[in-house]
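> kindly generate the corresponding structure for this input.
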Amino acid sequence: MSPASVERGSNFFLGFLSLPRAKREALSAVYAYCRLIDDIVDSGELPKDEARRQLETWKDELDKLYAGKPEHPVAVRLLPHVRTYGLPKDAFLEMIRGCAMDLEGTRYATTEELESYMRGVASSAGRLTVEICGYQATPPERMREFATLFGYAFQLTNIIRDVGADLELGRIYLPASDMKEAGYTEQELLLRSHNAAFDRLMDILCRRAQTYYRRARSLVDFRDRPGLLPAEVMAHIYEALLEEIRAGGFRVLFHRHRLSRWRKAVLAGKAWLYCHGL
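Next comes the predicted model:
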């Protein structure tokens, strides 16, 4: 699937359309990079050793990119945008680090361990996105934290939605500390047992995701909100998805929730109104 087609089918696309052409092209290039790195690990086509080798090769390619001499077509596509928007190299490296974690096993003892993973696979993309979207009134350190927290929120929403699908891949992203607090065991999860303890576990995770969204928004100066519309469109859609999952009784062990296109369009409109203070 090409990057352009992924964008059209993504929760990000409605906000993406609101940007000027130059920023759309920059975000499309970043999206292509993120998809490429993710596919090295998640396509299922490569043995783990080969996937590790390719990720290491991309570290070398990033060195070439920042030296102004990229070779891979995706890196060549990134070059003008790295220069124009001052895209941080460490964010590209963080994406590699996060995706590599899926090659080493997927069990997380604590929330902090899971946040390290989410910082790699999601917040890294957020940091690149906010640099392209632009901001003036919010201090850079607060904007980096905003991107980090929105990344956590989006990825945790994905984790909640995809509990059953991830089990098919042998992956468990639910922190052991949360499972213990809820009284739910890994054996019950592997058996896909939906009981009161599972509901407690999902409620813990949903409330944490909602906290991430709330904390992130509190960091942004209202004058910068219009430029961050793509992120807010995605946030509005993902928050609605969380509410649907909760209202549906956390039926995520055998079902993957989706929102209709018309509802996404409505939520995109609400995001526009929010960003413009209306």
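> going forward, measure contacts between C-alpha atoms and count neighbours the same way
Fine.
> what ranges of this structure fall below the confidence cut-off?
Within the chain, the segments meeting pLDDT under 70 span 1-15.
> so for it, the centremost residue is which one?
residue 122 (3.4 Å; Cα atoms, centre = their mean).
> was I right about that one contacting residue 151?
Yes: look at residue 122 against residue 151 with Cα atoms under 8 Å: they come within range, at 4.7 Å.
> could you measure from the residue nearest to the centre of the chain over to residue 224?
21 Å (Cα to Cα, to the nearest Å).
> swap in residue 37?
Taking Cα to Cα as the criterion, residue 37 is separated from residue 224 by 30 Å.
> and if you look at residue 82?
Separation of residue 82 from residue 224 (Cα to Cα): 21 Å.
> same check, this time on residue 131
Distance from residue 131 to residue 224, counting by Cα to Cα: 12 Å.
> who has more neighbours, these two?
With neighbours defined as other Cα atoms under 10 Å, residue 131 and residue 224 compare such that residue 131 has more, 21 against 18.
> and that one, what does it touch?
Shown in contact with residue 131 (Cα atoms under 8 Å, 6 or more residues apart in numbering): 85-87.
> kindly reformat the residues you listed as CSV containing distance to residue 109 and neighbour count.
CSV is the format used below for the contacts of residue 131 (distance: Cα to Cα, whole Å; neighbours: other Cα atoms under 10 Å):
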residue, distance to residue 109, neighbour count
85, 37, 17
86, 36, 12
87, 32, 21
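> which SS class is residue 252?
The local conformation at residue 252, judged by DSSP: H, G, I helix; E, B strand; the rest coil, is coil.
> buried residues of the host helix or strand of residue 64, list them for me.
Counting by DSSP states H and E, the element that carries residue 64 is helix 48-66. Buried positions in helix 48-66, judged by neighbour count with 16 or more other Cα atoms under 10 Å: 48, 51-52, 54-55, 58, 61-62, 64-66.
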